[in-house]
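Q: what follows is a predicted structure for the sequence shown.
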Amino acid sequence: MNEEVKNEILAVRETGATNMLDVRTVREIARQLAFDELADFLSDRKNHQAYCKFILAGK
C-alpha cells in the first residue's frame with residue numbers, strides 16, 4: 001500500500017460518511033471523491049487484508 005492510498009483512506013475517514021470496515025462503501029465513497037488509487041486498491045480483494053490492518057493498527 002503506497003502513501004497515496006493511505007492518504008486517501010484517511011481523507012475518507014475524515015468525512016465520517018461510513019464505518020471504515022465497510023470496504024464496499026469506502027470504495028464507493030473513494031470513487032465519488034475521485035480517489036482513483038484507493039478505489040482501484042479496494043477493487044482487488046487481495047488488498048482487503050492490508051486495508052483492514054491499516055484501519056485497525058495504522059500499519
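A: Perfect, thanks for sending it.
Q: can you list the low-confidence ranges for this structure?
A: Along the chain, no part satisfies pLDDT under 70.
Q: element containing the residue nearest the centre of it, please.
A: In the chain, the residue lying closest to the centroid (Cα atoms, centre = their mean) is Ile9, at 4.2 Å. If you go by DSSP states H and E, Ile9 is part of helix 3-15.
Q: list the helices and strands whichever helix or strand comes after that helix packs on?
A: Downstream of helix 3-15, the first helix or strand assigned by DSSP H and E is helix 23-32. If you count contacts as 3 or more Cβ pairs under 8 Å, 6 or more residues apart in numbering; DSSP states H and E, helix 23-32 packs onto helix 3-15, helix 36-43, helix 48-57. Backbone N, C-alpha and C define where each C-beta goes, glycine included.
Q: does the first one pack against any helices or strands, and if so which?
A: Going back to what we said before, that points to helix 3-15. helix 23-32, helix 36-43, helix 48-57.
Q: possible to save these as JSON lines with mean neighbour count and distance to Gly16?
A: What follows is those, written out as JSON lines (neighbours: other Cβ atoms under 10 Å; distance: least, Cβ to Cβ, whole Å):
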{"stretch": "helix 23-32", "mean neighbour count": "17", "distance to Gly16": "11"}
{"stretch": "helix 36-43", "mean neighbour count": "18", "distance to Gly16": "16"}
{"stretch": "helix 48-57", "mean neighbour count": "13", "distance to Gly16": "14"}
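Q: just to revisit the earlier point, can you list the helices and strands packed on helix 23-32 in TSV and add distance to Arg27?
A: Listed next are the helices and strands packed on helix 23-32 as TSV, based on distance: least, Cβ to Cβ, whole Å:
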stretch	distance to Arg27
helix 3-15	9
helix 36-43	4
helix 48-57	10
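Q: closest one to Arg24 among those helices?
A: helix 36-43 (8.3 Å; Cβ to Cβ).
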